[in-house]
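A.B. asks: This is a predicted model, with the sequence first.
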Amino acid sequence: MQMSRQQAGHFEAAVRAALLPVSAGRGSGGGGGQEGVKAATTSAGAAAASAVSATSSGSSSAGGSDAVGGGGGGGGVGETLESQFDVQHEEILGSGQFGTVYAGVCYATGQEVAIKVIDKLRFPTKQETQLKNEVSILQSLNHEGVVKLHKMFETQRTLFVVMEKMAGDMLEMILSGAEGRLSERVTKYLVAQILCALRYLHTRCVVHCDLKPENVLLAPAAGHGSLLYPQIKLCDFGFARIIGEKSFRKSIVGTPAYLAPEVLKYKGYNRSIDMWSVGVITYVSLSGTFPFNEDEDIADQIKNASFMYPPVPWETISAEATNLIDHLMDLSIKDRYTVAMAWCHKWIK
Ligand SMILES: Nc1ncnc2c1ncn2[C@@H]1O[C@H](COP(=O)(O)OP(=O)(O)OP(=O)(O)O)[C@@H](O)[C@H]1O
Ligand SMILES: [Mg+2]
């Protein structure tokens with residue numbers, strides 16, 4: 001157990017380092033800017049092969065330089081990203097395994113946007129289909145808890161996903177909280193909004209499959225108190241799947257540390273994998289640590305309450321909170337709480 005806390009500490013240190021303000025040197029590196037986060041996520045995660053393994057080490061275009069004209073998608077014939085948007089390469093909003101997200105401005109309207117730049121050459125064909133999957137799923141969604149897709153441009157080499165611009169993500173918020181975690185009140189506020197967005201998605205049979213604090217975006221401050229209690233929107237639908245109520249999928253998805261054990265064990269999974277991730281997000285937000293030691297079986301660890309909830313900090317956290325986490329991180333898909341059940345839980349109400 002000592003080890004796992006240490007590992008969590010290393011993870012947090014790596015994440016903190018990766019989240020330091022972007023320096024000019026990092027701005028031109030395309031997708032490479034947050035290798036620290038990716039590496040740490042993988043090492044802090046559970047034992048299964050990481051879904052990030054398809055990422056090759058090829059260099060990335062950092063956006064725009066190969067734009068030779070709109071190639072299908074939402075951009076329209078002859079339209080290029082550059083003709084419509086000023087891409088601010090010096091302002092990186094974030095990056096992940098698929099791409100780097102830059103700030104931008106629409107020339108016509110002055111509207112600020114976020115532009116995810118994906119270098120298609122870094123991914124095998126199968127992954128390219130997956131990248132477009134993100135766009136097609138986002139196109140079909142319209143909810144205040146889901147980031148809005150404005151437009152998509154495509155060149156031979158690059159995919160540009162233009163979205164509404166948000167002000168940061170939940171991981172940054174957790175790490176900037178006192179002791180690197182958030183209070184029950186704030187966590188509850190954020191988790192309730194995640195549940196609202198998930199209710200919308202799950203009723204449409206859309207399963208996010210990669211829920212984690214980095215993929216929960218925070219809206220820009222709208223008024224007094226909104227910095228402490230921000231509105232959230234889910235982003236990064238790269239692994240999202242349409243899964244009918246009674247169906248199961250088997251493909252590899254997500255980020256190990258937040259992944260339900262049935263995925264890690266290559267068993268079939270359904271929409272309840274998102275609920276497991278909500279449990280891990282709640283745990284991470286309240287404690288600033290990960291629940292599991294990557295080297296041991298999740299089933300063994302989860303049965304050991306004193307391992308799962310060590311006195312620091314859990315003795316200061318309500319039993320209702322840990323009760324909800326237990327119902328979300330339930331090994332049994334059948335018994336795991338659904339959105340509706342979590343919504344009615346006494347900690348959320
Ligand atoms: N619309 C947005 N506004 C502001 N920041 C954003 C926006 N979209 C993404 N980001 C930032 O960029 C980061 C990476 O974006 P995203 O998760 O879509 O990329 P990814 O490569 O698919 O990531 P992952 O490694 O999780 O698969 C997010 O964690 C967030 O910090
Ligand atoms: Mg992401």
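C.D. replies: Yep, it's here. Ligands and ions are numbered 1, 2, ... in the order given.
A.B. asks: Check which residues of stretch 309-320 are buried.
C.D. replies: Neighbour-count burial for stretch 309-320 flags 309, 314, 317 (criterion: 16 or more other C-beta atoms under 10 Å). Where C-beta positions appear, they are placed from N, C-alpha and C, glycine not excepted.
A.B. asks: Can you flag which of the residues you listed belong to helices?
C.D. replies: Counted as lying in helices by DSSP state H, out of the buried residues of stretch 309-320, are W314.
A.B. asks: Closest one of the buried residues of stretch 309-320 to ligand 2?
C.D. replies: The closest of those to ligand 2 turns out to be I317 (C-beta to the ion; 26.9 Å).
A.B. asks: ok, the closest one touching L286?
C.D. replies: Yes: with contact defined as C-beta atoms under 8 Å, I317 counts as touching L286 (5.5 Å).
A.B. asks: Can you check which residues contact both of the two?
C.D. replies: Counting by C-beta atoms under 8 Å, 6 or more residues apart in numbering, the contacts common to I317 and L286 are E184.
A.B. asks: can you put the buried residues of stretch 309-320 in JSON lines and add distance to I302 and pLDDT?
C.D. replies: Below are the buried residues of stretch 309-320 laid out as JSON lines (distance: C-beta to C-beta, whole Å; pLDDT from 0 to 100):
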{"residue": "Y309", "distance to I302": "11", "pLDDT": "95"}
{"residue": "W314", "distance to I302": "14", "pLDDT": "97"}
{"residue": "I317", "distance to I302": "17", "pLDDT": "98"}
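A.B. asks: And the buried residues of stretch 309-320, which is closest to G99?
C.D. replies: Nearest to G99 among those: I317, at 35.8 Å, using C-beta to C-beta.
A.B. asks: CA-only coordinates of the strand ranked longest in the chain, as PDB, when you get a sec.
C.D. replies: In the chain, taking DSSP state E as the definition, the longest strand is strand 85-95. Taking C-alpha atoms only, strand 85-95 is exported to PDB below (Å, rounded to 0.1, in the frame of the first residue of the first chain):
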ATOM      1  CA  PHE A  85      -9.700  30.700 -38.600                       C
ATOM      2  CA  ASP A  86      -6.600  32.400 -37.100                       C
ATOM      3  CA  VAL A  87      -4.800  29.400 -35.400                       C
ATOM      4  CA  GLN A  88      -2.800  30.700 -32.400                       C
ATOM      5  CA  HIS A  89       0.000  28.200 -32.400                       C
ATOM      6  CA  GLU A  90       1.600  29.900 -29.400                       C
ATOM      7  CA  GLU A  91      -1.500  29.200 -27.200                       C
ATOM      8  CA  ILE A  92      -1.800  25.500 -26.600                       C
ATOM      9  CA  LEU A  93      -4.900  24.600 -24.600                       C
ATOM     10  CA  GLY A  94      -3.900  21.000 -24.000                       C
ATOM     11  CA  SER A  95      -2.800  17.900 -25.700                       C
END
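A.B. asks: can the next helix or strand after that strand be found next to ligand 2?
C.D. replies: Sequence order places strand 100-106 as the next helix or strand after strand 85-95, per DSSP states H and E. No: Strand 100-106 stays clear of ligand 2 (C-beta under 5 Å from the ion), getting no nearer than 9.1 Å.
A.B. asks: Now do the next helix-or-strand element following strand 100-106: distance to the chain's middle.
C.D. replies: Downstream of strand 100-106, the next assigned helix or strand under DSSP H and E is strand 112-119. In terms of C-alpha atoms, centre = their mean, to the nearest Å, the centre of strand 112-119 is set 16 Å apart from its chain centre.
A.B. asks: pLDDT on the longest helix anywhere in the chain, on average?
C.D. replies: The residue-count maximum for a helix in the chain (DSSP H) belongs to helix 184-203. The average pLDDT for helix 184-203 rounds to 98.
A.B. asks: what pairs with the helix or strand following it, and is each one parallel or antiparallel?
C.D. replies: Sequence-wise, the next helix or strand downstream of helix 184-203 (DSSP H and E) is strand 206-207. Within its sheet, and counting by DSSP bridges, strand 206-207 is paired with strand 241-242 (antiparallel).
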